[in-house]
Each structure stands twice: as structure tokens, then as C-alpha cells.
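Peer 1: Okay, sequence plus prediction incoming.
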Amino acid sequence: MGLFTNLLSLAGVDVASLDALTLFRWVALLLFTRWMFTTLYKWKFSPTAKVPGPWFAGLGSFDFYFRLFSDKNYQVIHERHLQYGPVIRMGTRMVSISDGKLAKELLSTHRYRKPAAKYRDIFQILLPNIFTTADPDFHRQRKRLLMPAFTWPTLRRMEETITGAGTRPLLAKFHALAQNGQPFSVNLSTEFLGLTFDVIMRLAFGESLNLIQDNDSEVFGWFGSLLRYMVITRTFSFLKDKPVPYLPMVHQGYLSKRNVVALALRKIRERQAYLATLDRSDPKVDVPQDVLQIMLDAQDPETGANLNTEQVASEAIVQMVAGTDTTSLALCWTVFAILRHPSCGERVINEVLTEFPLRAANASDIIEYDHVKARLPYLTAVIQESLRVYPPVASSLARVVPKGGLTTGEHFLPAGCTVSFSPYAINRSPLMWSQPEEFVPERWLAPEAEMDPGCKVGTLSFLSGPRACIGRNLALMEIHVTIANLIRHFHWEFAEPRFADLEPSEHVMLHVKDDEFRVKFTPRTPELSS
Ligand code: HEM
């Protein structure tokens, strides 16, 4: 206050004679003027001042919050890149990069770290984990322990468990819905979320919750509320981890988070109790084959340390958060892309039905992942293309510029600035892809020499480098097996014409609008459903 009154006196105002309201107005005016000068100064002289971009991108946080709360952030960033180029200004100290090659180069080591506070504030539930950490040593050590659960050989060993929790019950449910071969329609957004939940719960918590059968389970509610809580506490981090009964939505999120943690700890303790009853020196003993078991058994080769119960729980929860919506949305967008592009649809259906004709006698066979990869190349290309065009994690994966700064073209960004990668913009950049906005699975099948330059560099849908998605292989297995088997068993069509014009709507991830995507299914072999 002293500073303000001195300033007012300097400006010739008789402070002693001012009433409280007038004084308040003067203070507000001075604060506003100060804010305006600082903003204009940053706009003109901040490190990103010369980077191309819309004029308002350098005006502080408005643009950031506007984009954050719109459901079209992915589109806004993409259009700005199309207009201003591959490196654009997104804030006074932030640029976005849509050049896939450059993005992959920057992400190829641990030098460009995650912004620690942001990831901790949003994603840290219980303890630091592989997703939230910004510390390369912690990350390397944790990845050594977790990665064995997600390699192809391990996943192949677990395939029956994965399909047993996901694709098989989904097919059984759909056949039950199609009594006597009748068509039925379902909201795939909910069905696929149930599937991906059941798979992760089975693998990382040790038990499927059968959400495919029970769409109304309270766990779905906890999850939705937890995600909303993460979005809110990302902006208002002071609300995090405390009861706030006067803000019902935040409070609900807080309670949901506690429920999820309690569930994880309970499931892990149940497994530990079960293991205690086994004689594991006996080779005939039946030890569960899943991610939870691998996490519990994991031992650091350098230190010999194991993960304790809370550490395992925090990794299991992060797998649930990172591995359910993402995979379920990838499944939704793949079905959408197939239906939206009938000629691709026809080709992929022919491929599946020619290679794996469905007869009543083999109805319970599942087309396994290795068979999909070996015999259904077009389907694989369709899935790759769908992940390119509709990356579930679509925008703003931020990293901090390390010591020494970053020079791109004629721009220099000092250490501490942020570079942001948007998989949606990178996967659709005309710098790298021919017909970037079109759905062209054939681009992934061309001989090497004729391949789209983009295919050689690859997409950023699972990110890249040491911090790339650890669950990529699991997600790909779920997607390939589920789509191949759904094609084999059912004819699909949009349940209503409006679903053919579905627009992505971004809420942290690239959702289908209002989480509603209804598809009508008719069984290909009526007798399977009677
Ligand atoms: C189609 C499905 C999926 C997509 C598109 C996807 C995408 C991504 C992306 C873009 C990242 C980087 C995030 C960042 O840096 O902020 C990531 C990281 C991660 N994902 Fe996935 N993901 C998928 C499925 C899964 C699954 C099934 C799991 C379950 C295990 C999983 C677990 C993780 C974890 C633990 C990380 C952090 C990895 C690290 O920092 O080392 N994801 N994912």
C-alpha cells in the first residue's frame, strides 16, 4: 500500500483526502496499468517474440486457457501450424513444433524433460511414477522394472488373459444382444471403455471388474470424476488432495481418487496374500501371468530393490488412467474410419472374411494377434492410418528446453522455455505427409521406395524416444484383435446418419462428441446368436 500511496502522491493526488472507494479505484487502475505494461513488454521482448504465430499468442495466459477449455484445441493448433509454419509461438515462453523429424530428434533422449510440476499436479496419484517423473534416473530405473511386462514375448504369453478379459466377453455380449440374428445397436464409446478397463484391471489390478457386462458399475463413475478432477486441479492446483465439500464436483473427484487408491491397494494386498499361500519353488505351482505379478516380482538388477505395495499401486493406477480412455478411443476412431470410408471398409472386410471365414464350428476361435499381423496387412494399415488421423492424445505434450537452449531455423529459445508437441498437427503436417487430411491406409502398404515420407518417420501418436508410451504394444494387441474379430463376427453400420459426421471433441483426449457413438451390428452367422 505504501508504494501505491507514494506513486499516487508522485502523480499529484492528495491521498489523505481520498475516500476508500476512490482509493480502491486508483489502486485497481495502477494494478491494471502495471499488468498491461508487463504484458506488452513480454509480448514484444519475450524469447518467443520473433517466432511466427497469431499476435495474441504472446499476450499471457488468455490464449492458453481459451484453448484449454475449448474442445477444439487440437484443431486450433493444427490450423495455426498450417498458417504460420512448423515452429509457432504459443505463449511468451512456449513454442509448438509440427515437424515430425525435429520432434523425434528432440524426444530421442532424456534432455528435453517433462515439466515436473505440471505432470506431478495432474497425474500423480499416491506416489511419483513412471508417467509423472521428470527425473531421468528415476525414470530409467522404473522403466527397467516395468518394461518386461509390455514386451511382445510377455504380451504373447498373456494374450489369452488379455482376450479373455476383453475381446471374448465383448463378442459374447454382442452375440447375446443379437438374439436370433437380429441387429442391435450399442454405444461403442461405453462398450470399448468397458473392454479396455476390464483388460487393464485384469492385468494390473489382478481382477477384471466385468464392466463389459455391467456398464453401470460405480468404477466408471469414479473414473469419469477422477478425470474431471485432474483437469480442474491442473488449473487450480491448490484444490488438489484435500476435501472441498463446498465444491461438489471437485469433492467428488477427490473422493473418487481415494476410492481408486483404496481399490488398487486392496487388490494388490489380496494378490500378496494369495502368493503367501504358494510354494513358489514348486514348478507346478500356478502363478498368475499378468502385469501385476511382473511388477511384484520385479527386482532392480543394479540395486536388487523391489517395488513396495504403494509403488506398485501408483504404477497400476497410472496404467489405468493412461491405458483405458486412450485405447478405447483408438478403437472408436478405427470403427468410425472404417464406416466413414466404405471402399476401405469393403477391402478390409474382404480381407478378414477371406482369411478367416466364420463358421458355426469355429465361432469361439479368436483371431490371435500374430495371425492378424501375418495375414491381415490391410487391417494393420487401417489401424495405423486411424491412429495417424485420430491420435487419442492429440495435443500439447510439453517439454522443457535444456541448458544451452534450442535453435530452430533463425529462432533461439533459451533454457527453461517450453516446446510443445501436438501429435494431431504432426501426424497431419503437409511437410511430411502426402494427402495429410485424407484417410489413406494404402500409404502404409507401398513398397519402401514409394512410401509416403511421413510413414518413414512415423507418427507421434504414442510419442517417441525414452518417454514414449510403455503400453503401446498392449494397446496395439487390443485394437488389432478386437477389430479383426468384430469384423469377422458382425456386419456394422452407423446406427443413425448423424454419427457419420462425428467431430472429435478434445477433453484431455480426442473423444467422440458427447461420448456417444452408436453403431448397429448384425451377426454374420445368425445361428451363433440364437
Ligand atoms: C492407443 C492407446 C494409447 C495411446 C494413443 C497412448 C499414448 C501415449 C502418449 C502420447 C504418451 C506420452 C504422454 C506424455 O508424455 O505426456 C504415453 C505415455 C504413457 N502411456 Fe500410453 N497410450 C496408449 C495406451 C496405453 C496403455 C494401454 C497403457 C498401459 C500400460 C499406457 C501407459 C502409458 C504410460 C505408463 C506412459 C508413460 C511412459 C513414460 O513416461 O515412460 N498407454 N502414452
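Peer 2: In hand now; what should we look at?
Peer 1: residue contacts, the closest residue to the ligand within the stretch 1-150 of the chain?
Peer 2: Residue nearest to the ligand within the stretch 1-150 of the chain: residue 131 (4.1 Å; Cβ to the nearest ligand atom). Using the backbone N, CA and C atoms, a C-beta is placed for each residue, glycine as well. For residue 131, the contact set (Cβ atoms under 8 Å, 6 or more residues apart in numbering) comprises 119, 123, 318, 322.
Peer 1: Next, format these as TSV and append neighbour count.
Peer 2: Below are the contacts of residue 131 laid out as TSV (neighbours: other Cβ atoms under 10 Å):
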residue	neighbour count
119	18
123	19
318	23
322	20
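Peer 1: and these, which two are the farthest apart?
Peer 2: Across the contacts of residue 131, the longest distance by Cβ to Cβ is 11.7 Å; it joins 119 and 322.
Peer 1: any idea which helix or strand carries residue 216?
Peer 2: Residue 216 belongs to no helix or strand when assigned by DSSP states H and E.
Peer 1: now swap in residue 407 and tell me
Peer 2: Going by DSSP H and E, residue 407 is in strand 406-408.
Peer 1: same check, this time on residue 321
Peer 2: Assigned by DSSP H and E, residue 321 falls within helix 309-323.
Peer 1: And residue 506, by the same measure?
Peer 2: Going by DSSP H and E, residue 506 is part of strand 504-507.
Peer 1: Which neighbours in the sheet does that strand have, and how are they oriented?
Peer 2: strand 509-512 (antiparallel) (DSSP bridges).
Peer 1: Burial check on residue 133, number of neighbours?
Peer 2: Residues lying near residue 133 (other Cβ atoms under 10 Å) number 22.
Peer 1: scratch that, residue 6
Peer 2: Quick note: residue 6 (other Cβ under 10 Å) scores 11 neighbours.
Peer 1: Name the helix or strand for it, please.
Peer 2: With secondary structure defined by DSSP H and E, residue 6 is part of helix 2-10.
Peer 1: Can you tell me the SS state at the nearest residue to residue 432 once chain neighbours are set aside?
Peer 2: Nearest residue to residue 432, sequence neighbours excluded (Cβ to Cβ, 6 or more residues apart in numbering): residue 454, at 4.1 Å. Secondary structure state of residue 454, per DSSP: H, G, I helix; E, B strand; the rest coil, is helix.
Peer 1: Residues contacting whichever strand or helix holds residue 398, please?
Peer 2: Element membership of residue 398, judged by DSSP H and E, is strand 397-400. Residues from elsewhere that reach strand 397-400 (Cβ under 8 Å, 6+ apart): 94, 106-107, 112-115, 118, 415-423, 463.
Peer 1: re the thing from before, after the helix holding residue 321, next one along is what?
Peer 2: Proceeding N to C from helix 309-323, the next assigned helix or strand is helix 325-340, under DSSP H and E.
Peer 1: Is that next one positioned near the ligand?
Peer 2: Yes - applying Cβ under 6 Å from any ligand atom, one finds helix 325-340 in contact with the ligand at 326-327, 330.
Peer 1: what helices or strands is that helix leaning on?
Peer 2: When contacts are defined as 3 or more Cβ pairs under 8 Å, 6 or more residues apart in numbering; DSSP states H and E, helix 325-340 packs onto helix 188-200, helix 342-355, helix 377-389, helix 472-489, strand 490-494, strand 509-512.
Peer 1: Spell out the residue ranges of the strands in the stretch 101-250 of the chain.
Peer 2: In the stretch 101-250 of the chain, the segments counted as strands under DSSP state E, counting those that start in this stretch are 184-187.
Peer 1: Tell me how far the residue of the chain at minimum distance from the ligand lies from residue 337.
Peer 2: Per Cβ to the nearest ligand atom, residue 471 is where the chain lies closest to the ligand, at 2.1 Å. For residue 471, the distance to residue 337 equals 21 Å [Cβ to Cβ, to the nearest Å].
Peer 1: re earlier: run through the contacts of strand 397-400 and flag the ones next to the ligand.
Peer 2: Among the contacts of strand 397-400, proximity to the ligand is found for residue 463 (Cβ under 6 Å from any ligand atom).
Peer 1: Next, the contact list for the residue found closest to residue 245 once you drop the neighbours it is linked to in the chain, please.
Peer 2: Leaving aside its sequence neighbours, residue 245 sits nearest to residue 251 (Cβ to Cβ, 6+ apart; 5.2 Å). Residue 251 makes contact with 243-245 under the criterion Cβ under 8 Å, 6+ apart.
Peer 1: what do you get for residue 474?
Peer 2: Counted by Cβ under 8 Å, 6+ apart, residue 474 has contacts 150, 155, 162, 199, 203, 323, 327.
Peer 1: As JSON lines, these with neighbour count, pLDDT and distance to residue 44 would be great.
Peer 2: Listed next are the contacts of residue 474 as JSON lines, based on neighbours: other Cβ atoms under 10 Å; pLDDT from 0 to 100; distance: Cβ to Cβ, whole Å:
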{"residue": "150", "neighbour count": "22", "pLDDT": "98", "distance to residue 44": "48"}
{"residue": "155", "neighbour count": "20", "pLDDT": "98", "distance to residue 44": "53"}
{"residue": "162", "neighbour count": "23", "pLDDT": "98", "distance to residue 44": "55"}
{"residue": "199", "neighbour count": "29", "pLDDT": "98", "distance to residue 44": "52"}
{"residue": "203", "neighbour count": "31", "pLDDT": "98", "distance to residue 44": "53"}
{"residue": "323", "neighbour count": "23", "pLDDT": "97", "distance to residue 44": "44"}
{"residue": "327", "neighbour count": "27", "pLDDT": "98", "distance to residue 44": "45"}
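Peer 1: just curious, which of the residues you listed is nearest to residue 127?
Peer 2: Distances from residue 127 to these, taken by Cβ to Cβ, are shortest for residue 323, at 18.2 Å.
Peer 1: wouldn't the closest one be in contact with residue 200 here?
Peer 2: Yes - Residue 323 is in contact with residue 200 according to Cβ atoms under 8 Å; the separation is 5.0 Å.
Peer 1: burial measure for the closest residue in space to residue 61 that isn't next to it in sequence, as a count.
Peer 2: Excluding the flanking residues, the one nearest residue 61 by Cβ to Cβ, 6+ apart is residue 91, at 7.6 Å. When neighbours are defined as other Cβ under 10 Å, residue 91 has 21 of them.
Peer 1: swap in residue 229?
Peer 2: Using other Cβ under 10 Å, residue 229 is surrounded by 23 other residues.
Peer 1: ok, now residue 23?
Peer 2: Counted with other Cβ under 10 Å, residue 23 comes out at 16.
Peer 1: The one 3 residues further on too?
Peer 2: For residue 26, the tally of surrounding residues (other Cβ under 10 Å) stands at 18.
Peer 1: what's in contact with the strand holding residue 407?
Peer 2: Strand 406-408 is contacted from outside by 87, 95, 97, 102, 106, 412-413, 417, 419, using Cβ under 8 Å, 6+ apart.
Peer 1: Closest to residue 218 out of these?
Peer 2: When the contacts of strand 406-408 are compared against residue 218 (criterion: Cβ to Cβ), the nearest one is residue 419, at 40.2 Å.
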